[in-house]
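S.K.: Give me the fold of what follows.
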Amino acid sequence: MEQLGLRGSAPAKIDDKGRLKVPSTLRGAVQDGKGPDVFVTSLTGECVRIYPLAVWIDIERKLSAMAPNHPSRLKFLDRVNYYGQMGELDGQGRVVIPPHLRASASIVGDVRVFGRIDYLEVWNEERFVERLQRDPWTDEDGHRLSEHGL
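M.R.: Coordinates of the predicted model:
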């Protein structure tokens, strides 16, 4: 079956050195045709985003097309650069999560890694389950997706 994007979720662990071992079910789609380089960041500090570098470069191109002083562009860059760090998947599929981002997102020990089509998202599992309970799926959510043919 063809894999167009990153999908599903899998449990994972953060080791004592702050490295996430990307689950093998997601690792191939991150590296295939893109190489081992990634950009590790967050927008809110409550979870970690891991972008294949090729995907992140495309985001930078789009940001470059915006006015340099656009408030949303600056706000976005403030956050992703504060939390962000270049990284690389090593031969065992591990990537270092920056210490201040691990602390902010409570990323220690057991975590859950989600495919978000073009990037990975890493959550403290307990925090993610609380988020699901706080923000349940509604009919309105379904209607909004149906407007996009889903």
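S.K.: what's the lowest-mean-pLDDT helix or strand in the chain in contact with?
M.R.: Within the chain, no helix or strand scores below helix 24-31, which has a mean of 75 by mean pLDDT, DSSP states H and E. In this structure, residues lying in contact with helix 24-31 by CB atoms under 8 Å, 6 or more residues apart in numbering are 3, 5-6, 8, 10, 22, 38, 50, 52, 89, 93, 113, 115, 120. No exception for glycine: its C-beta is placed from N, CA and C like everyone else's.
S.K.: mind checking the SS state of the residue nearest the centre of the chain?
M.R.: Residue closest to the average C-alpha location in the chain (CA atoms, centre = their mean): R49, at 2.2 Å. When classified by DSSP: H, G, I helix; E, B strand; the rest coil, R49 comes out as strand.
S.K.: right, and it touches W123 too?
M.R.: No: with contact defined as CB atoms under 8 Å, R49 does not count as touching W123 (10.6 Å).
S.K.: hang on, the earlier thing: the residue nearest to the centre of the chain pairs with what?
M.R.: Beta bridges link R49 to T41, E121 when assigned by DSSP bridges.
S.K.: give me every residue that touches it.
M.R.: With CB under 8 Å, 6+ apart, R49 has these contacts: V40, T41, S42, L43, R116, Y119, L120, E121, V122.
S.K.: R79: which of the residues you listed is nearest?
M.R.: L43 (5.1 Å; CB to CB).
S.K.: nearest residue to the closest one other than its sequence neighbours?
M.R.: R79 (5.1 Å; CB to CB, 6 or more residues apart in numbering).
S.K.: Is it correct that that neighbour is in contact with S72?
M.R.: No: assessed by CB under 8 Å, R79 is found out of contact with S72, at 11.0 Å.
S.K.: Compare those two (neighbour count), which wins?
M.R.: Each of R79 and S72 has its neighbours counted (other CB atoms under 10 Å); R79 has more, 15 against 9.
S.K.: isn't there a helix covering that one?
M.R.: Yes: membership of R79 in a helix is supported by three-state DSSP.
S.K.: How confident was the prediction at it?
M.R.: In this prediction, R79 carries a pLDDT score of 96.
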